[in-house]
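# Test case, fold it:
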Amino acid sequence: MAIPAKKGIVANKAPAGKKDNSFFGRLHGYFLKILFGFILFILGIAVALFNEIKVVENYEANEKSKQDCVDAPFGAVEAKNNNKLVYVAGKTECEKPLIDKEFNVVSSNSIRLIRNVEVYQWVENSKTTSEEIAEDNIRDTVDFYYDRKWVTYVVDSDKFMYPDKHDNFLQELPYASTVLTSQKVNLGAYYLKPEQLKKIGKPESVYLDEESLELPDAAIVYGDTIYYSPQLALENKKETEKALREGTEPEVVFVPDPQKPIIGDIKITFKKIADTEISVIAKQSGEWLGSYKDDRLQFFEIREGIIKKQNFFKLEENDTGFMAWIGRFGCLLIAFAGLYMVFSSFERIGDLVLLFGAVSACGNAFVSILCSLGFTMLMAGLAWTQQNVLLAVILIIVSIMLLVLTAIMVAKAIGSIKDSAARRTAYLAKKSEAAQN
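Residues are numbered from 1 along each chain as shown. I've put the predicted structure just below:
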């Protein structure tokens, strides 16, 4: 009598096919894993060499820059420094104020003026719950709920599952977030381009002078925020049109309440990046500071604060050194993962391959890390051969020592396995001879 199938129970199990327990049969099962492991290992070693070459190049560029860089006077441009790498430090100064013409917000001595716009909107959320209503029959239920939030974009409420009672009023923002940038920033007698200052400065709030601001109807200043209500502006427009038809004054003027926002209300805030002290190493091109094109490795570098030239280069070395060590560790990890994958796969296949049996006896992880460390250090040594011979020799010697140590360990393990096999063979022969007698 057949057993009826139930959830999680296999009623009729097909007989398993004959399993190939030969070495090549087991090798076939792990072929892709072994191949992938080899590729990972080779990739880790190759990237380690590439990473170290870039480290050497950065080191060369930094050393060359130290020798070539000259101190340029802050208040005057010297023609003799033209097309040279120069160091300049001081406080920036913007010639013209930045003006947001939409609201007539004026910000003097500012590198950037940032307008941020937020709108109060309905936002749709959903939650799915599953319910088993019968055997092997599960019903998913999706519940929709709505929150009112300040967001940076208009939410299309027509696409809601339940758009009724959740109308977001606006189709698009009447004002967009934007960034105004000074086109010419002075650093003493020199000029900088705005894109060179993108990462400089911390945003500060801009004071809003209510007397000079140009505000739309139904907009007020609330602290450092312009608070505008398009819905109330529409109501005020209707009241004004009604008063004009009747020849009277509007009966009511609607004013937004920041404490009780309604859908469609807009908050507009302004931030600025004020003039600040900076230190720059760059190529002098007349009055402009820019990239140092004579050396492909040296680019425009800028830091906040007044930093001495020698300390500037030290910080550059620390930054590149930190990234170099992240790259080294990543390459080592990739190479280790690949080699461990290969060794562990052969261990699962069996002890038919003496080498991998010996590796397993020493410890797959231990041998993998020694080999990976040895090869990555070898790549580092090869990369430094021209720039720092002593360091290159030390790295190569240590890498060879690690690889030789690994080989000795594996060789001893192979000898131990052979001795064990020989003893077992002698024991079995002796036991067989005793049984015959």
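
# hey, let's count contacts and neighbours off CA atoms from now on
Fine.

# any idea which helix is longest in the chain?
When the chain is parsed with DSSP state H, its longest helix is helix 389-436.

# From the contact counts, what lies against that one?
Contact here means 3 or more CA pairs under 8 Å, 6 or more residues apart in numbering; DSSP states H and E; on that basis helix 389-436 packs against helix 354-362, helix 364-383.

# deepest of the ones you listed, which one?
Of the helices and strands packed on helix 389-436, the one with the most neighbours on average (mean count of other CA atoms under 10 Å) is helix 364-383, at a mean of 23.

# Now do that helix against helix 389-436, angle only.
150 degrees (axes from the mean of the first three to the mean of the last three CA atoms, to 10 degrees).

# Please name every helix or strand in contact with helix 364-383.
Going by 3+ CA pairs under 8 Å, 6+ apart, helix 364-383 lies up against helix 31-68, helix 309-349, helix 389-436.

# same thing but at 10 Å, please
Here helix 364-383 touches helix 31-68, helix 309-349, helix 354-362, helix 389-436, going by 3 or more CA pairs under 10 Å, 6 or more residues apart in numbering; DSSP states H and E.

# pLDDT (mean, whole number) over it?
Here helix 364-383 scores 86 as its mean pLDDT.

# okay, now Tyr145: neighbour count?
Number of residues near Tyr145 (other CA atoms under 10 Å) recorded here: 13.

# which residue sits closest to it, ignoring its sequence neighbours?
Asn125 (5.4 Å; CA to CA, 6 or more residues apart in numbering).

# Surely that neighbour forms part of a strand?
Yes. Under DSSP: H, G, I helix; E, B strand; the rest coil, Asn125 falls within a strand.

# doesn't Tyr162 make contact with it?
No. When contacts are counted by CA atoms under 10 Å, Asn125 is not listed as touching Tyr162 (11.2 Å).

# list residues touching both of these two?
Phe144, Tyr145, Tyr146 (CA atoms under 10 Å, 6 or more residues apart in numbering).

# Make JSON lines out of those and add pLDDT and secondary structure.
Formatted as JSON lines, the shared contacts of Asn125 and Tyr162 follow (pLDDT from 0 to 100; DSSP: H, G, I helix; E, B strand; the rest coil):
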{"residue": "Phe144", "pLDDT": "93", "secondary structure": "strand"}
{"residue": "Tyr145", "pLDDT": "93", "secondary structure": "strand"}
{"residue": "Tyr146", "pLDDT": "96", "secondary structure": "strand"}
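
# Which member of those residues is positioned nearest Thr276?
Nearest to Thr276 out of these is Tyr146 (CA to CA; 44.5 Å).

# Read off the pLDDT value for the nearest residue to Leu43 once chain neighbours are set aside.
Closest residue to Leu43 apart from its sequence neighbours, by CA to CA, 6+ apart: Ala335 at 7.2 Å. Per-residue pLDDT puts Ala335 at 90.

# State the distance from the residue nearest to Tyr145 to Gly363.
52 Å (CA to CA, to the nearest Å).

# Which one's more surrounded, the two?
Gly363 (15 against 12).

# quick one, what contacts that one?
Taking CA under 10 Å, 6+ apart as the definition of contact, the neighbours of Gly363 are Tyr340, Phe343, Ser344, Gly357, Val410.

# And the pLDDT at the fourth one?
In other words, Gly357. 61.

# Show me where this protein dips below the pLDDT cut-off.
Counting by pLDDT under 70, the chain has low-confidence residues at 1-30, 292-299, 346-361, 417-421, 437.

# next one: phi and psi at the residue nearest to Leu192 when sequence neighbours are not counted?
Spatial nearest neighbour of Leu192, excluding adjacent residues (CA to CA, 6+ apart): Val185 at 5.2 Å. The phi/psi pair for Val185 (degrees, to the nearest 10) reads phi -110, psi 130.
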